[in-house]
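Student: I'd like to go over a predicted model; first the sequence, then the structure.
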Amino acid sequence: MAETSMKIKLPVACFIMQIILIIIFGVLVEYDDGTDAKKFHQLQINGTTDIENEFYFRYPSFQDVHVMIFVGFGFLMTFLKRYGFSSVGFNFLIAALALQWATLMQGFFHGMHHGKIHIGVESMINADFCTGSVLISFGAVLGKTSPVQLLVMAVIEVTLFAINEFILLGPLGAKDAGGSMTIHTFGAYFGLVVARVLYRPNLDKSKHKNGSVYHSDLFAMIGTIYLWMFWPSFNSAITAHGDDQHRTAMNTYYSLASCTLATYGMSALVCHEGKLDMVHIQNAALAGGVAVGTAGEMMLTPFGSMIVGFLAGTISVLGYRFLSPIMEEKLRIQDTCGVHNLHGMPGVLGAIVGAVTASVASKDVYGDGLADVFPLIASGELDASTQGVRQAISLAVTLGIALLGGLITGFILKLPIYGAPPDTACYEDALYWEVPGEEEGQGELTTIRTEEGEKLNG
Amino acid sequence: MAETSMKIKLPVACFIMQIILIIIFGVLVEYDDGTDAKKFHQLQINGTTDIENEFYFRYPSFQDVHVMIFVGFGFLMTFLKRYGFSSVGFNFLIAALALQWATLMQGFFHGMHHGKIHIGVESMINADFCTGSVLISFGAVLGKTSPVQLLVMAVIEVTLFAINEFILLGPLGAKDAGGSMTIHTFGAYFGLVVARVLYRPNLDKSKHKNGSVYHSDLFAMIGTIYLWMFWPSFNSAITAHGDDQHRTAMNTYYSLASCTLATYGMSALVCHEGKLDMVHIQNAALAGGVAVGTAGEMMLTPFGSMIVGFLAGTISVLGYRFLSPIMEEKLRIQDTCGVHNLHGMPGVLGAIVGAVTASVASKDVYGDGLADVFPLIASGELDASTQGVRQAISLAVTLGIALLGGLITGFILKLPIYGAPPDTACYEDALYWEVPGEEEGQGELTTIRTEEGEKLNG
Amino acid sequence: MAETSMKIKLPVACFIMQIILIIIFGVLVEYDDGTDAKKFHQLQINGTTDIENEFYFRYPSFQDVHVMIFVGFGFLMTFLKRYGFSSVGFNFLIAALALQWATLMQGFFHGMHHGKIHIGVESMINADFCTGSVLISFGAVLGKTSPVQLLVMAVIEVTLFAINEFILLGPLGAKDAGGSMTIHTFGAYFGLVVARVLYRPNLDKSKHKNGSVYHSDLFAMIGTIYLWMFWPSFNSAITAHGDDQHRTAMNTYYSLASCTLATYGMSALVCHEGKLDMVHIQNAALAGGVAVGTAGEMMLTPFGSMIVGFLAGTISVLGYRFLSPIMEEKLRIQDTCGVHNLHGMPGVLGAIVGAVTASVASKDVYGDGLADVFPLIASGELDASTQGVRQAISLAVTLGIALLGGLITGFILKLPIYGAPPDTACYEDALYWEVPGEEEGQGELTTIRTEEGEKLNG
């Protein structure tokens, strides 16, 4: 059996992981007050109405986030000409694992209730968020990893994500509702270090497959557009009820619109003959959502959001055009999707914007709403500038855990036991998937030949 | 004019059916309390607030269900290389008919109000549900039927669906919010029997078209992912307000995640060289949603949901790999989409899980919420074990009506008057659609040749 | 540098426009009561609860509308074989601009608050609506315009849209929640006149590219289906809370279902050999949503909605089959997407239906709900027949402003400074986009050749 065969490795990994998850869920997980029949009806005796169930405040946002995780990330990565099955399919697999493991890790760190983890729609959103971070890292190593490697990466990354998130939101008292730091910065730099450790000097053997074709770029646009449309839901999904969710969604909406114009302008400016580059459109236009992930819930104003979005789009396109080639050549980071440009730099920008915006927060601007956004400032425990400093420290902590965690994870993933693809078969579905074969006389219908993959396995 | 021409048949069918529908709607259908301007404002005088309008409890779920019906089912079936127009297009057509007819049939059986059918968002969800059942049956006969045949099938199946649903939810007092029995089991076995009656011994003449190409599998994944993401909304769409909707969505979420890992593991285990098979990923990963269709609203716990999902994914992959070839060869059931594996067996599993879960329901676990889920137990009319028995009987009734109804329908559809495709032109869009032709000098742009279809018609 | 190069033109246009937008937003725009932390918490002191924040009434509808604008319109236009990047990509660009500009223009005309424009989810929906109108006009000129031309068109059209909307909803007191007049009629006739002024006598040089291929038609169906599914949300997004939103969504649902059956029937009837034409399915099936854009919120009844939908589908197919060729030949209007058939005629039909339905409104039918739908009738300021007349006048005003505005805009767009494509390179992505090149030995993977586009630029 070929070394890259998943015949034994993948079933073993899936079954063991899923059975462990089921057992831990059985022991530790309970319905929360909004999902448990008995508990919610006890609340109702005390006057809680049906419509006040958390479900109605957050479920539409949850579903939008869910679409971003499974369709958004999944299809965004289908731009590769021969890697569509893996992009959507591995995205699906590791997300299904990560959201379960995240429920446990986040439940553990967010505080147990009499030794039990309580779950409901809010924990589901948080689990999807954590999953998003793993999928960002997946983007950095796309095409160069086996599904088992990805599952292992997901388990470690989710764990470290939950630790980092706990440190930021707990002891440090930072705010990061849309995850500029916890999700985007963390996921990007974690993934970049993993990609660095897994550096393949002979990757040019698969170079001809590391690119798009016409239809694959259109599939990728499905991912882009869904991410773009639902980013307002992403950033507002776990902010406080009322004006907070409303404001966060609106700030994100305007940041993205502004970012899109910056992206198109910059793309035409820096590209060959003034043509637009699909890579920029597919990715940089989203940077505006990343960059208001922290400050979106604050009184950033649409004006401020649009400035942030404009900057994010600009640096993202410049990153794709000028920085990515340098990172690959000098730093030996082969960042397949350019997550540094979409999530890394815009995430750091978002953290800085958040720190600055927090440091000027005042009762004057927020009124009684201050307690929703900055409880520590409202209670007098911190002043605004200290909150700003805490936000900045949070960025540093995130970078530290991401870089160190990615380093260790990279070396674990380098062990030659996961059936990773050879240098000659990267960005190639046929290694891990049954790919439809070519039909005689209808060559134009068939787009991928399986022989190569089979030879590799044979 | 060729026998398969739709020039007269389809317009006649569409216009007659639609005009009949319009007339019956004019005579029988009225706005319900939540949609009628006068009636809702009368309720408001008595204290009902705007936000308590049923619309806000259910419309987001309705739209998710709507996406599953039109995008989910429609694109899931585009996996066939030459049948994408028909998959999406006939799905669209028969769904548009079925939801109207279902409004009438379900309205009739769910209870008239002074001789009128009252409709609102809840009836819209129910109509979409009933439509889903027809689309499951469509999956069994995909590629081998004319649009007129499908319209006729839809009319009969919707009628029988409403009768079966009435028996289950009415006299039998069964619970089946997500339709493991009423939708999935019914739709699957109805369709399988229709496929059996329409058995084509010479279908191998179209065998080369009964398969996917690379891009068609990616289109199908759009359907899969949407079904997967929105299944929590599907199962919770008509459960009681509050904890019930919330809990059902969450149970389904975890069942599906667990099912996905089981599917990937099993697929690699049973396939050639340990490669993943798109057929399994596209279908079996969804079985977890089917299998908690009955018990999802109950206090199944996430733990229980994950076990059910795991089992569903496992049996579904095994069904595709081992059972489907036997069913085709021995039972002469040509089940194009393998609905037996995705909806049939997991539906029966879901019915059994529902019966068992119901039989252990207690006031102790559900508290005052018992009345929402099991009103007959809460009122003392039934004990839990009797409810369990009623659930089991419901499965038997569903199977009986589906098998008998499918048999009769199959013979009706066998009449040689609907313009069904010849054995040589199954799985072929060109028979019923204007398919874009090949351009000279740009052969690579053109993916379907129309000559064959035209010859058949000529 | 080639005349069509966007190297300078597009960045200049994007950056100047975006910077102007940012400045005006900074000066004029403020959070409204539902998005401002201080103001909403002041409302809460007076008893407003979180769930009464406008966000929870409208955000799910907003997101559905957002999907229609970016995925619906964007993918609907990908039917062209070589213009998918531009269809989705330019749709994305001009929508991102238009929604920002619309916020300002509509905010200005809808009434300033102490010199400030107040924004929240309702203004976001209105901005998306206005954007929709621009995208309809885009459909008329699709493939024949440069991105800079489209941006200029968007700025002018948004401005005129806001003026027309103000006249209708303000002084005239018309009702048009789903925009049969303000959005569809306006966008269609505006775009048609622009297309007339930009008439290209030698467009047949690009004729071979003005058509679909198999996969591009499937991409277009993604757009169609999303538009179809979410149209109930579109028409109900800004109607009054409670029964109004509920009823509007339901009326639209049944209108669309009925329209779909009419479309399939008519398509088979009028097409070659009784085959279905994708152009009809992709477009005419949506006309039922357009045609209840005005009357959808009224007590039209499902019965009435279905009749309207049936008529809309019928005239739309007939328009595509018989009227469009005449318009191109005799009137010299090259309407790429046939917006006259999808938005023009059905929009006019919708306006007429709205006028008739309004003219029979009565307290008897609407009860206390009359004030929600027809405040002027409820207050006794107008009688129903006068409201009907006002609706009819509104249609005339809309047509007048659209035709005149389109005429002026057309001449502005005709200036030879925007880098419009030559007659030989219409419907061609390669002029404005980096299109993935052909790989040796894998010709079947590559669908677009770039040489032609490059030659044009070289």
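Tutor: On my side now, so go ahead.
Student: how close does A:T239 get to chain C?
Tutor: 11 Å (C-beta to the nearest C-beta, to the nearest Å). For every residue, glycine as well, the C-beta is placed using N, CA and C.
Student: now that residue. Its backbone dihedrals?
Tutor: Taking degrees, to the nearest 10, you get phi -70, psi 170 for the backbone angles of A:T239.
Student: contact residues of the stretch 51-200 of chain A facing chain C?
Tutor: A:I51, A:E52, A:Y56, A:F57, A:P60, A:D64, A:K81, A:R82 (C-beta under 8 Å from any C-beta of the partner chain).
Student: I'd say the fourth one and C:D50 touch.
Tutor: Yes - between A:F57 and C:D50 a contact is recorded at 7.4 Å, counting by C-beta atoms under 8 Å.
Student: those two: which has the busier surroundings?
Tutor: More neighbours surround A:F57 than the other of A:F57 and C:D50, with 23 against 17 (other C-beta atoms under 10 Å in any protein chain shown).
Student: got the contact list for the more buried one?
Tutor: By C-beta atoms under 8 Å, 6 or more residues apart in numbering or on different chains, A:F57 lies in contact with A:H241, A:Q245, C:D50, C:I51, C:Y56.
Student: let's go with 10 Å and repeat that
Tutor: Shown in contact with A:F57 (C-beta atoms under 10 Å, 6 or more residues apart in numbering or on different chains): A:34, A:51, A:121-122, A:237, A:240-242, A:245, C:50-51, C:53, C:55-56.
Student: now swap in A:K414 and tell me
Tutor: Listed by C-beta under 10 Å, 6+ apart, the contact set of A:K414 reads A:Q149, A:V194, A:V197, A:L198, A:Y199, A:A420.
Student: try it again with 7 Å
Tutor: Counting by C-beta atoms under 7 Å, 6 or more residues apart in numbering or on different chains, A:K414 touches A:V197, A:L198.
Student: how near is it to A:R200?
Tutor: Distance check for A:K414 against A:R200: by C-beta to C-beta, to the nearest Å, it reads 11 Å.
Student: enumerate the residues of the stretch 151-300 of chain A near chain B.
Tutor: A:H215, A:F219 (C-beta under 7 Å from any C-beta of the partner chain).
Student: mind listing the helices for the stretch 151-300 of chain A?
Tutor: Ranges of helices in the stretch 151-300 of chain A, per DSSP state H, counting those that start in this stretch, are A:186-197, A:214-236, A:243-270, A:278-283, A:287-291.
Student: show me what the first one is packed against.
Tutor: The reference is to helix A:186-197. Where contact means 3 or more C-beta pairs under 7 Å, 6 or more residues apart in numbering or on different chains; DSSP states H and E, helix A:186-197 is packed against helix A:121-141, helix A:147-169, helix A:339, helix A:384-414.
Student: quick one: closest of these to B:P171.
Tutor: helix A:121-141 (35.3 Å; C-beta to C-beta).
Student: one step back: for the helices of the stretch 151-300 of chain A, which one ends up most surrounded?
Tutor: Comparing the helices of the stretch 151-300 of chain A by mean neighbour count (mean count of other C-beta atoms under 10 Å in any protein chain shown), helix A:287-291 ranks first with a mean of 34.
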